[in-house]
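Trainee: my questions concern the predicted model and sequence given below.
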Amino acid sequence: MANPPASLSGQDVGSFAYLTIKDRIPQILTKAIDTLHRHKSEFFEKHGKEGTEAEKKAISLLSKLRNELQTDKPIIPLVEKFVDTDIWNRYLEYHQSLLNESDEKPRWFYSPWLFVECYMYRRIHEAIIQSPPIDDFDVFKESKDQSFFESQESIIALCTYLQQLVRTIEDLDESQLKNEFFKLLQISLWGNKCDLSLSGGESHSQKTNVINSLEDLKPFILVNDMEHLWSLLSNCKKREKTSIRVDIVLDNSGFELVTDLILADFLVSSELATEIHFYGKTIPWFVSDTTIHDFNWLIEQVKHSNHEWTSKCGADWENYIKMGRWVYHDHIFWTLPHEYCAMSQVAPDLYAELQKAHLILFKGDLNYRKLTGDRKWEFSVPFHEALNGFHPAPLCSVRTLKAEIQVGLQPGQGEQLTASEPSWLTTGKYGIFQYDGPL
Ligand SMILES: O=P(O)(O)OC[C@@]1(O)O[C@H](CO)[C@@H](O)[C@@H]1O
Ligand SMILES: [Mn+2]
């Protein structure tokens, strides 16, 4: 694309990006420091004096990071050797090169929001890996686990629903199957509201039974391309394709991950898909994003539930993984700052992997920001254009809105929402199913 619009950034005082950098990110850093404080005795018990020293070092590194951010210091290179250190520092050099004409430096309130926010989480990881022997500590694990435990009632309701559905799935006619597909897609969409980085790490669990509220939530779906997803997968099934692969780029652990696994179970049980590939994060990310530890821990928790249908789900899910019908992928690209239009250059192996899918579901807001480059697009710009050449396979964003970016709306739709509800872009109250691919 010739000249895509400018990136969202903290330069726009009062914008959601600005307020995130000014308020929410320091709050997240402070919570991370408190978490380390609260684990001091555990570190001592486990590692003795070395553990206590490591905790002090990690806290001092995070406090330094918070000061850099709050005083808008220049962004500095990563120093600890890790698989992506060079890629990050090349990215920083690139942003520096863009500013060589001016006396500007890449800074927190100047550089693209997407870059500085991703950088912040990568610096948290650097502080931890620089503090052995606590270098495998996940500062967000406690809040991810808490959000899972607080959503138990909703999780049991969903697992019960799925088990009853799976028992009768053979008797469903086409329209009943489509109706169930749409229900579970919407449950996965609204599961995305449970996101801890938006809430600044405050608990954001699912307390109500989301199945009963789907009809009430329908008016808040601003773009609804579910029909395209149905026709794509049901046509694959009709053509008796031996392999129908759906890839799910995961977002938050806890309740949202349960909704994604419930959807994935339905897809294989209904034979709308024969294999599901999941993509999580290689390092702790945006507070609640799913790592492989979270993925395995959650399935283990569900399997060992004392509720009959919940534990049946967990056993089935463990079985899908053992049989290879569900595959989990770890790739460092998902925790880089790059827009997805750069994937084919930066991570050609991952791009080639995604090209094997019949459909890719991208969960959540950060994925949407990277799909569209986190840029100041007009609301009515077509999604295909905003993807800026990123078309590995038919794809759909399944996202609740938590950032000031939205494309593919009808003429006037965004402006009307801004007039009636100024916060429509950032509260997570509205959602989309936005598809790009052959119709
Ligand atoms: O990707 P998710 O979990 O749906 O949301 C990510 C998020 O919480 O982080 C940023 C705010 O800090 C925004 O992109 C969004 O609010
Ligand atoms: Mn997230």
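Mentor: Alright, I've got the coordinates. Just so it is clear, the model here is predicted, and its values are computed rather than measured. Residues are numbered from 1 along each chain as shown. Ligands and ions are numbered 1, 2, ... in the order given.
Trainee: near ligand 2, which residues of this protein? Just list them.
Mentor: By Cβ under 5 Å from the ion, the residues of the chain that approach ligand 2 are 195, 251-252, 286, 289. The way it works is simple: take the backbone N, C-alpha and C, and place the C-beta from them, glycine included.
Trainee: mind putting the residues you listed into a markdown table with pLDDT?
Mentor: What follows is these, written out as a markdown table (pLDDT from 0 to 100):
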| residue | pLDDT |
| --- | --- |
| 195 | 63 |
| 251 | 98 |
| 252 | 97 |
| 286 | 98 |
| 289 | 98 |
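Trainee: okay if I get these as JSON lines plus neighbour count?
Mentor: Below are those laid out as JSON lines (neighbours: other Cβ atoms under 10 Å):
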{"residue": "195", "neighbour count": "24"}
{"residue": "251", "neighbour count": "30"}
{"residue": "252", "neighbour count": "31"}
{"residue": "286", "neighbour count": "22"}
{"residue": "289", "neighbour count": "29"}
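Trainee: give me the subset of those lying in helices.
Mentor: Residues from the residues of the chain next to ligand 2 lying in helices, with DSSP state H as the criterion: none.
Trainee: and those, which of them are in strands?
Mentor: Per DSSP state E, strands hold no members of the residues of the chain next to ligand 2.
Trainee: ok, of these, which one's closest to residue 363?
Mentor: residue 251 (4.0 Å; Cβ to Cβ).
Trainee: give the contact list for the closest residue to the closest one other than its chain neighbours.
Mentor: What sits nearest to residue 251 in space, not counting adjacent residues and going by Cβ to Cβ, 6 or more residues apart in numbering, is residue 364, at 3.1 Å. Contact analysis of residue 364 by Cβ atoms under 8 Å, 6 or more residues apart in numbering lists 192, 195, 251-252, 256, 398-400.
Trainee: quick check: which ranges of this protein have low pLDDT?
Mentor: Along the chain, segments meeting pLDDT under 70 span 1-2, 195-209.
Trainee: how about the strands in it?
Mentor: 221-224, 245-249, 275-280, 326-330, 359-363, 395-400, 431-436.
Trainee: what's the most buried one of these?
Mentor: strand 395-400 (a mean of 26; mean count of other Cβ atoms under 10 Å).
Trainee: how about exporting that strand as PDB, limited to the C-alpha atoms?
Mentor: What follows is strand 395-400, C-alpha atoms only, in PDB (Å, rounded to 0.1, in the frame of the first residue of the first chain):
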ATOM      1  CA  LEU A 395      -9.500 -15.200   8.200                       C
ATOM      2  CA  CYS A 396     -11.900 -13.700  10.700                       C
ATOM      3  CA  SER A 397     -11.300 -11.300  13.600                       C
ATOM      4  CA  VAL A 398     -13.400 -12.200  16.600                       C
ATOM      5  CA  ARG A 399     -12.900  -9.200  18.800                       C
ATOM      6  CA  THR A 400     -14.500  -7.000  21.400                       C
END
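Trainee: angle of it against strand 431-436?
Mentor: If you take axes from the mean of the first three to the mean of the last three Cα atoms, to 10 degrees, strand 395-400 sits at 170 degrees to strand 431-436.
Trainee: re earlier: now the phi/psi pair for the residue nearest to residue 251, please.
Mentor: phi 90, psi 180 (degrees, to the nearest 10).
Trainee: cool, and the one 10 residues further on?
Mentor: For residue 374, the backbone dihedrals (degrees, to the nearest 10) come out as phi 50, psi 50.
Trainee: now do the contacts for it.
Mentor: With contact taken as Cβ under 8 Å, 6+ apart, residue 374 is in contact with 7-8, 112-114, 339, 403, 405.
Trainee: pull the most distant pair out of these.
Mentor: 339 and 403 (13.8 Å).
Trainee: where exactly do the helices run in the stretch 201-350 of the chain?
Mentor: 214-217, 226-238, 255-269, 292-303, 308-323, 343-346, 348-354 (DSSP state H, counting those that start in this stretch).
Trainee: the residue nearest to residue 371 when sequence neighbours are not counted: neighbour count?
Mentor: Among residues not flanking residue 371 along the chain, residue 340 sits closest, at 5.2 Å (Cβ to Cβ, 6+ apart). By other Cβ atoms under 10 Å, the residues close to residue 340 number 27.
Trainee: again, but for the one 3 residues further on
Mentor: With neighbours defined by other Cβ under 10 Å, the count for residue 343 comes to 22.
Trainee: ok, residue 439 next?
Mentor: 9.
Trainee: can I get the strands of the chain in JSON lines including distance to residue 347?
Mentor: JSON lines is the format used below for these (distance: least, Cβ to Cβ, whole Å):
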{"stretch": "strand 221-224", "distance to residue 347": "28"}
{"stretch": "strand 245-249", "distance to residue 347": "13"}
{"stretch": "strand 275-280", "distance to residue 347": "11"}
{"stretch": "strand 326-330", "distance to residue 347": "12"}
{"stretch": "strand 359-363", "distance to residue 347": "15"}
{"stretch": "strand 395-400", "distance to residue 347": "16"}
{"stretch": "strand 431-436", "distance to residue 347": "19"}
